[in-house]
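J.: Build the 3D model from these lines:
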Amino acid sequence: MPSIEFRQFGAADGQPVIYFHGTPGSPDECEIFDLHGKQHQLTIICYDRSTIAPSLQGAAYYQGIADEIAKKVGANPVDFIGFSIGAFIALQVCRAMSGKVRSLHLVSAAAPLDAGNFIDAAAGNAVFRLAQNHPSAFMWLARVQGWLASRFPGLLLRMLFSSAAGEDKVLAEDKTFRTAMTQTLKTCFKRDSLGYARDVIAYVQPWKATLADISVDAHIWHGAEDNWSPVAMADFLATALPGCSKNTVLDGLSHYSCLYRAAPTICLAIKTLS
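T.: Purely as a prediction, here's the structure:
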């Protein structure tokens, strides 16, 4: 498999940390870790999954990412951070890395839909149901979203945040955040919509049974007001992951606001392992 494009943040030559961006999302999302990474001597790497050939699916997709990480970090211990649907990808790559991941931080994590009645409480339930039941129609929707991201990214951003809850409402009004998210959406769809669609279609399939295989030390960070990944998802993951040692639910926070709040604490926690 050709090398996967990536962006690097934090220290130039520190402890390696792999960040798994959300869906829709891109490595631009990882910018918020840059300062904290520098402070704690962490090199935070985010692979752009949209640059992986769309033909690579399922176990081969996760193994391809795992192989790329192994080439990058060598014999060094590595820590993972997974955000939103990126948490699902991080969990599957953990399985493929056979115990080589030291710690895993799941932020605003999307739990398996076959593990409970989560979908009704999720703001994106219509999209998830479309991907589950009519993947070809979902692919059409993904192309429309990609077209919007390239032509009218501000409109797509307003659509995505129309249901914002908790502190995400405040973030959605912040000019710096809007600028960063607009760039994230542009990068997500810069090639096509196939990488985005691959992650969503994989996510909505049953994968609850895979969690029992993941014994890495896991920490969960979740906003109590999250309506994209309802807090019941965090509660489920905390009980389903054999290695989960911490489930932190943050009052008043939602999806992205949890990521912003948790970022410095996660970097400190990873640094203390060194």
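J.: Now do the contacts for the spatially closest residue to residue 230 that is not a sequence neighbour.
T.: What sits nearest to residue 230 in space, not counting adjacent residues and going by CB to CB, 6 or more residues apart in numbering, is residue 121, at 4.1 Å. Backbone N, C-alpha and C define where each C-beta goes, glycine included. When the contact criterion is CB atoms under 8 Å, 6 or more residues apart in numbering, the partners of residue 121 are 227, 230, 232.
J.: most neighbours, which of those residues?
T.: Neighbour count (other CB atoms under 10 Å) singles out residue 230 as the most crowded of those, with 22 neighbours.
J.: doesn't residue 120 make contact with it?
T.: No: the criterion here is CB atoms under 8 Å, and residue 230 misses it with residue 120 at 9.0 Å.
J.: For stretch 228-236, buried residues please.
T.: 228-236 (16 or more other CB atoms under 10 Å).
J.: Kindly report the same for stretch 56-70.
T.: Within stretch 56-70, judged by 16+ other CB under 10 Å, the buried ones are 56, 61-66, 68-69.
J.: Could you list the residues in contact with it?
T.: Judged by CB under 8 Å, 6+ apart, the contacts made with stretch 56-70 from elsewhere in the structure are 1, 3-4, 18, 47, 49, 52, 78, 89, 92-93, 95-97, 100, 198, 202.
J.: all helices in the stretch 151-274 of the chain, in order from the N-terminus.
T.: Along the stretch 151-274 of the chain, the segments classed as helices by DSSP state H, counting those that start in this stretch run 153-160, 168-172, 175-188, 194-203, 231-240, 255-273.
J.: looking at those, which is closest to residue 40?
T.: In terms of CB to CB, the element of the helices of the stretch 151-274 of the chain nearest to residue 40 is helix 255-273, at 3.8 Å.
J.: any residues touching that closest one, and which ones?
T.: For helix 255-273, the surrounding residues in contact (CB under 8 Å, 6+ apart) are 10, 15, 17, 32-33, 36-37, 39-42, 77, 79, 81, 83-84, 102-103, 105, 107-108, 166-168, 170-171, 177, 181, 219, 221-223, 226-229, 248, 250, 253.
J.: likewise stretch 23-31?
T.: Under the contact criterion CB under 8 Å, 6+ apart, stretch 23-31 has outside partners 6-7, 9, 19, 21-22, 44, 46-48, 50, 83-86, 145, 149, 160, 180, 183-185, 187-189, 196, 199-200, 203.
J.: Just the buried residues of those.
T.: If we count by 16+ other CB under 10 Å, these have these buried: 6-7, 9, 19, 21-22, 44, 46-48, 50, 83-86, 145, 149, 160, 180, 184-185, 187-189, 196, 199-200, 203.
J.: Quick one: the strands in the stretch 1-150 of the chain, in order.
T.: Listed in chain order, the strands of the stretch 1-150 of the chain (DSSP state E, counting those that start in this stretch) span 6-10, 15-20, 42-47, 78-83, 101-107.
J.: where's the fourth one relative to the chain centroid, distance-wise?
T.: Meaning strand 78-83. For strand 78-83, the distance from its own C-alpha centre to the chain's C-alpha centre is 9 Å (CA atoms, centre = their mean, to the nearest Å).
J.: what's it in contact with?
T.: Residues from elsewhere that reach strand 78-83 (CB under 8 Å, 6+ apart): 15-22, 25, 29, 33, 44, 69, 88-91, 93-94, 100-109, 216, 259, 266, 270, 273.
J.: ok, 6 Å please
T.: Contacts with strand 78-83, where a contact means CB atoms under 6 Å, 6 or more residues apart in numbering, come from 16-20, 22, 90, 101-107, 259, 270.
J.: And the second one, by the same measure?
T.: Residues from elsewhere that reach strand 15-20, judged by CB under 6 Å, 6+ apart: 30, 42-46, 69, 73, 76, 78-82, 86, 89-90, 274.
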